[in-house]
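Novice: Sequence first, then the predicted structure:
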Amino acid sequence: MTFWADTGLGGPLRRETHYGDRTMLCFADRPPTLAAMFDDLVARFGDRPAIVDDRMLSYSELDVSVRRIAASLASLGIARGDRVALFLGNCWEFLAVTLACNRIGALVVPIGTRQRKAELDFLLGNSGARLLVFESELADQIPSAAEAPELAHRFVAHGTAAGARPFEDLLATSPAEAPLAAIHEDDTAVILYTSGTTGKPKGAELTHLSILHSAYAFARAHELTEHDRGLVAVPLSHVTGLVGVSYATLAAGGCVVLMRQAYKTPDFLALASREKITYSILVPAIYTLVAMSPEFDKHDLSAWRIGCFGGAPMPVPTIEMLSQRLPNLQLRNAYGATETTSPTTIMPQAFWRGHMDSVGQVIPYAHVRVVDTDDHEVAPGEPGELLIAGPMVVPRYWQRPDANAKEFVNGYWRSGDIGSIDADGFVRVFDRKKDMINRGGFKIFSAEVENVICGIDGVLETAIIGTPDPVLGERVNAIVVTTDGAQLSERDVAAYCAARMSDYKVPESIIIRSEPLPRNANGKIQKTVLRETIAERAASYARG
């Protein structure tokens, strides 16, 4: 059973070989590079809106800025293979510089604005960035010339900063001087650093080929057109914001709507209503905040038709509330990673209501194997590690031969995620391999327990954490974040779980709080921090 049509954006599939010896299915009717895609969009949709930020830019207007920036970068000696770092929030300048680099063959290095100086130093040094564009309010985080000798050029946006030229200088060169480099689709376009939860971040090399396929996959699955308006409320420095929403919306000729300020539900509702957004990819917690907001009825969200989500289960009460308030909104789960340039699976339109425990079906050109610890494929429905292949999988990490040898095997990327694929092709993701809990010999997947707890009315988000136990090996702990005004006790959560799952899966320690779960710069829950919270609570109890 599959939901993918044989035709659509990108055309039919054909088998090709890329990155040396990886054989894969690819869209046959695709542009050769991201620059070629954008040029075609400008020719077809020149007068249509491309970006809405503090102002609206049509495709033609954006093209002029892109060509000016490309020409300026070239005049500074930035050429194919050079790295350009962006330490910017969600703004049109971010996308314009990215598209300009796509044109001249430079590699974009997006850096999340929550990164601090030590982290920024590492990312700039590891990537060998020659040019940096940064927000003026982040000037105190920028390394000095002595600390970053390879960083030859600095430009500041939205203000001034010592030692940096204004961003406007990048717009001063004639667009007629913009070069167009000879680029191969296997060339790297973006270096996106992983979150570094188990060590130093690794720079995943997103290529023109991988970004094009991911953008086309989202656009094709969600039937995006030039009339769609994709809202970026997550950072553009994350694969979801950059590829899942921005490139995907642009690939269809649509308009990218940027939420510049930090997320606040009233601001989100006002922007989504004013710009009549139709498409988004958000974490489930945002959908819950939207559904429960007292500001909801003040805004018209009737244009919103696709609400994609991932990274956590969607609470059943949220689904029910949004179904009543926005009957035309389809909530579709998806699964992917930085290393897969975002999507590996997307929920089919026809099945989203009946398969909310699934992350969808494998996108048409991808292949996923589910294997045991000996790399033998398991039976349908049985859990194992997900190995992922396809043109959207990055070829390598930047300057990390050790990680490349370990994580890329026989054309597949080892995801480290435990999941399953049932007989109908629906994929479920249970846990990170390293986060699976072993309690007295019983394997417990945190996602399964989190799914159950998120079904409790008043729960905004939750995390299941395993902690060492001298007798059982590990114990199950839950940290539960509730919505404002929710009256929920630890006993309530334990009783709800006990009625719906095996006794060994029921959390033995439950912390209820209103404070959001800690996340790193890429939005992933920091379970290390939560383990410290649990340990502190246990120590407090021990002290009496």
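Specialist: Right, received. Where do you want to start? What you are looking at is a predicted structure, and each value in this text was computed from that prediction instead of being measured.

Novice: tally of neighbours for L171?
Specialist: Residues near L171, counting by other C-beta atoms under 10 Å, number 16. Bear in mind the C-beta positions are built from the backbone N, C-alpha and C, glycine included.

Novice: Check whether the closest residue to F155 other than its chain neighbours sits in a helix, strand or coil.
Specialist: Leaving aside its sequence neighbours, F155 sits nearest to V133 (C-beta to C-beta, 6 or more residues apart in numbering; 4.7 Å). Secondary structure for V133, judged by DSSP: H, G, I helix; E, B strand; the rest coil, is strand.

Novice: From R500, how far out is V133?
Specialist: Separation of V133 from R500 (C-beta to C-beta, to the nearest Å): 50 Å.

Novice: tell me the pLDDT at T197?
Specialist: Note on T197: pLDDT of 49.

Novice: give me the number of residues near L107?
Specialist: Using other C-beta under 10 Å, L107 has 24 other residues around it.

Novice: Could you break this protein into its assigned domains?
Specialist: Annotated domains of the chain cover 30-427, 436-543 [automatic domain parsing].

Novice: Can you give the distance from the longest one to the centre of its chain?
Specialist: Relative to the chain's own centre, domain 30-427 is displaced by 6 Å; criterion: C-alpha atoms, centre = their mean, to the nearest Å.

Novice: got it, and stretch 460-477?
Specialist: From the chain centre to the centre of stretch 460-477 is a distance of 27 Å (C-alpha atoms, centre = their mean).

Novice: Give me the mean pLDDT for it.
Specialist: Per-residue pLDDT values across stretch 460-477 average out to 89.

Novice: mind saving the C-alpha coords of it as CSV?
Specialist: Coordinates of each C-alpha in stretch 460-477 appear next as CSV, following Å, rounded to 0.1, in the frame of the first residue of the first chain:
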residue,chain,number,x,y,z
LEU,A,460,1.5,19.9,26.8
GLU,A,461,4.6,17.7,26.4
THR,A,462,6.5,14.9,28.2
ALA,A,463,9.8,13.1,28.3
ILE,A,464,10.6,9.6,29.5
ILE,A,465,14.0,9.1,31.0
GLY,A,466,15.8,5.9,32.1
THR,A,467,18.0,6.0,35.2
PRO,A,468,20.3,3.3,36.5
ASP,A,469,19.1,0.9,39.2
PRO,A,470,21.3,-1.7,40.9
VAL,A,471,18.6,-4.4,40.9
LEU,A,472,16.5,-3.8,37.7
GLY,A,473,19.1,-2.2,35.6
GLU,A,474,17.1,0.8,34.8
ARG,A,475,13.9,2.5,36.1
VAL,A,476,11.3,4.6,34.2
ASN,A,477,11.0,8.3,35.0
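
Novice: Now the helix or strand bottoming out on mean pLDDT in the chain: buried residues?
Specialist: Ranking every helix and strand in the chain by mean pLDDT, DSSP states H and E puts helix 527-543 at the bottom, with a mean of 80. Neighbour counts over helix 527-543 (16 or more other C-beta atoms under 10 Å) mark K527, L530, T533, I534 as buried.

Novice: Give me the distance between the residue nearest to F430 when sequence neighbours are not counted and G384.
Specialist: Distance criterion C-beta to C-beta, 6+ apart; nearest residue to F430, sequence neighbours excluded, is F445 at 3.4 Å. Separation of F445 from G384 (C-beta to C-beta) stands at 12 Å.

Novice: same check, this time on P348
Specialist: Applying C-beta to C-beta, the value for P348 to G384 is 23 Å.

Novice: Pick out whichever of those two has more residues nearby.
Specialist: G384 (22 against 19).

Novice: what bridges to the more buried one?
Specialist: According to DSSP bridges, the residues that bridge with G384 are G419.

Novice: One more: the one 5 residues further on?
Specialist: With DSSP bridges applied, the residues forming beta bridges to A389 are H367.

Novice: Looks like it contacts V409 (just checking).
Specialist: No. Shown here, A389 and V409 do not form a contact pair, counting by C-beta atoms under 8 Å, at 10.0 Å.

Novice: Please list all residues in contact with H367.
Specialist: With contact set as C-beta atoms under 8 Å, 6 or more residues apart in numbering, H367 has these partners: M24, L25, I388, A389, G390.

Novice: do the same with P12
Specialist: D6, F27, A28, D29.

Novice: mind running it again at 7 Å?
Specialist: D6, A28 (C-beta atoms under 7 Å, 6 or more residues apart in numbering).

Novice: Phi first, then psi, for it.
Specialist: Listed backbone geometry of P12 is phi -70, psi 170, with angles given as degrees, to the nearest 10.

Novice: May I have the predicted confidence score for it?
Specialist: 93.

Novice: Equivalent analysis for M1, please.
Specialist: pLDDT, M1: 48.

Novice: ok, now P284?
Specialist: Confidence score, pLDDT, at P284: 86.

Novice: Which residue is the nearest non-sequential neighbour of it?
Specialist: Leaving out its chain neighbours, the residue that sits closest to P284 by C-beta to C-beta, 6+ apart is M314, at 4.5 Å.

Novice: Just the pLDDT at that neighbour, thanks.
Specialist: Each residue has a pLDDT score; the one for M314 is 81.

Novice: ok now do it, which residues does it touch?
Specialist: Contacts of M314 by C-beta under 7 Å, 6+ apart are P284, Y287, L331, M356.

Novice: Keep only those of the residues you listed that are in strands.
Specialist: L331 (DSSP state E).

Novice: what's the most distant pair in the contacts of M314?
Specialist: Y287 and M356 (12.3 Å; C-beta to C-beta).

Novice: Spatially central, which residue of this structure would that be?
Specialist: Among the residues of the chain, T240 comes closest to the average C-alpha position under C-alpha atoms, centre = their mean, at 2.8 Å.

Novice: Q361 sits in which helix or strand?
Specialist: strand 360-362 (DSSP states H and E).

Novice: In contact with G230, which residues are there?
Specialist: Contacts for G230 were tallied using C-beta under 7 Å, 6+ apart; they are V245, A248, T249, G254, V256, V257, Y279, S280.

Novice: The first one contacts I281, doesn't it?
Specialist: Which is V245. Yes. Applying C-beta atoms under 7 Å, one finds V245 in contact with I281, separated by 5.5 Å.

Novice: Could you list which residues are in contact with the closest residue to A478 other than its chain neighbours?
Specialist: Counting by C-beta to C-beta, 6+ apart, A478 lies nearest to P507, which is 3.8 Å off, once chain neighbours are set aside. By C-beta under 7 Å, 6+ apart, P507 lies in contact with V449, I464, V476, N477, A478, A494, C497.
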